[in-house]
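S.K.: the following block contains a protein sequence and its predicted model.
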Amino acid sequence: MEGLKRTPLFPCYGETEGARCIDFGGWELPVQFAGIQAEHDAVRQRAGLFDVSHMGEFLVAGPEAEAFLQRMTVNDVSKLAPGQAQYSLLCYPEGGVVDDLLIYRMGEERFMLVVNASNIAKDFQWLESHLPAAGEGTVPAVELTDCSDATSLLALQGPAAARILGKVTDAPVGELGPFRFLEEAHVCGVQALVSHTGYTGEDGFELYLRAEDAATVWRGLLAAGKDDGLVPVGLGARDTLRFEARLPLYGQELSREITPLEAGLGIFVKLDKGEFIGREALLKQKEAGLPRKLAGIEMLDRGIPRSHYPVYAGPEGELIGEITTGTQSPTLKRNVGLALLKREYTTPDTEVWVEIRGKRLKAKVVKTPFYRRSKES
């Protein structure tokens with residue numbers, strides 16, 4: 001696959017038999033190693049290791065860094081203490097989504113943003129275009145730096161993740177609360193930022209490393225986790241895992257045309273924090289009532305819903321929305337999907353019809369997430 005970008009871990013893929021790569025937004029990345037079902041089950045039951053080094057990382061620093069991020073993102077950055085992270089979104093003035101991201105507060109005037117790989121250039125340009133102007137000869141109030149190429153990101157996810165990570169670090173990772181991080185931990189002998197976050201619906205950690213250290217940590221974790229059943233996991237299972245947990249994917253559940261409120265992410269939109277880009281449009285949408293909402297559906301007739309399949313009110317009824325993501329759930333063994341539907345059709349047990357290969361098949365609206373890990377795991 002000529003011309004595709006590769007992460008620093010590309011040479012490691014071949015060390016696992018069965019690895020198969022695809023073109024993923026211009027990156028040559030593994031869709032699977034042993035198989036999507038096996039990798040999905042490993043994360044749900046034991047542990048899986050993901051290379052997500054294609055994600056983007058920006059540093060935002062300066063005396064006005066917090067104020068800048070307050071204006072650019074929908075969540076309340078002022079609530080973050082150093083060592084804490086939060087999920088947030090960048091919005092257009094019309095309320096649609098530029099991207100969803102994680103914000104890490106590394107100090108009073110220093111933050112790291114983690115953005116989607118396909119949006120790195122767009123997000124950087126969007127942020128850069130809104131930087132406060134600096135006077136001639138003065139220190140910039142906000143400095144924005146793209147450190148994506150120098151940074152690798154590994155995700156260790158699953159019930160055994162904390163135990164495995166504890167074998168290769170002296171850092172107190174077992175005491176780290178959700179959305180908390182340690183900036184200067186040592187993992188497999190190299191420095192890493194260790195974050196108690198993930199994208200699978202399971203417990204787990206994300207490790208930010210210098211690109212040149214990624215292979216050392218990848219191999220070290222796989223060796224340390226062998227007895228716990230740790231396996232490398234590709235993009236296929238990453239998608240089914242996040243989908244079961246109802247975690248959104250930009251380009252499917254989120255886009256310029258879909259607002260955070262329509263996507264069910266209103267808990268992260270702090271309309272009372274003050275002005276931010278998109279606030280006026282989102283406030284109007286909330287006050288007027290959402291015209292459409294994201295809902296879960298389960299097929300009653302035989303068929304698998306897929307992205308962009310149209311959804312109707314009945315076998316001869318009106319078009320009421322479309323599927324954003326759908327598959328046969330590897331955990332539940334049921335054909336389920338997320339659909340953006342007219343609000344009046346989003347009540348659980350409402351019957352809807354999904355058009356699959358030219359035929360309308362019956363489904364019903366169901367509660368989400370489709371999967372929620374037990375408190376004991």
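M.R.: That came in fine, so what should we check first? Numbering: from 1, shown residues only.
S.K.: excluding chain neighbours, what is closest to the residue nearest in space to the middle of the chain?
M.R.: Centroid-nearest residue in the chain, with CA atoms, centre = their mean: Tyr199, separated by 5.3 Å. Distance criterion CB to CB, 6 or more residues apart in numbering; nearest residue to Tyr199, sequence neighbours excluded, is Arg242 at 5.0 Å. Yep, even glycine has a C-beta here, placed from its N, CA and C like the rest.
S.K.: looking at this, the one you found is in a helix?
M.R.: Yes: under DSSP: H, G, I helix; E, B strand; the rest coil, Arg242 sits within a helix.
S.K.: wait, isn't it in contact with Val233?
M.R.: No: counting by CB atoms under 8 Å, Arg242 stays clear of Val233, with 11.8 Å between them.
S.K.: can you list residues touching both of these two?
M.R.: Counting by CB atoms under 8 Å, 6 or more residues apart in numbering, no residue touches both Arg242 and Val233.
S.K.: element containing the residue nearest to the centre of the chain, please.
M.R.: Tyr199 is part of no helix or strand when elements are defined by DSSP states H and E.
S.K.: now do the same contact list for it.
M.R.: Counting by CB under 8 Å, 6+ apart, the residues that Tyr199 touches are Ala155, Gln157, Arg238, Leu241, Arg242, Leu247.
S.K.: quick one: secondary structure of the last one?
M.R.: Right, the one you point to is Leu247. Leu247 is classified as coil under three-state DSSP.
S.K.: what number of residues lie near it?
M.R.: 17 (other CB atoms under 10 Å).
S.K.: could you check how far it is from Gly18?
M.R.: Leu247 is 26 Å from Gly18, where distance means CB to CB, to the nearest Å.
S.K.: got it, and the second one?
M.R.: For Gln157, the distance to Gly18 (CB to CB) stands at 20 Å.
S.K.: report the secondary structure state of Thr197.
M.R.: Strictly by three-state DSSP, Thr197 counts as coil.
S.K.: repeat that for Gln285.
M.R.: helix.
S.K.: could you pull up the contacting residues of it?
M.R.: Gly95, Thr259, Leu261, Glu262.
S.K.: any weak-confidence spans in the protein?
M.R.: 134-139, 375-377 (pLDDT under 70).
S.K.: so where do the helices sit in it?
M.R.: Using DSSP state H, the helices found in the chain span residues 10-13, 36-45, 65-72, 120-129, 161-167, 214-224, 235-244, 279-288.
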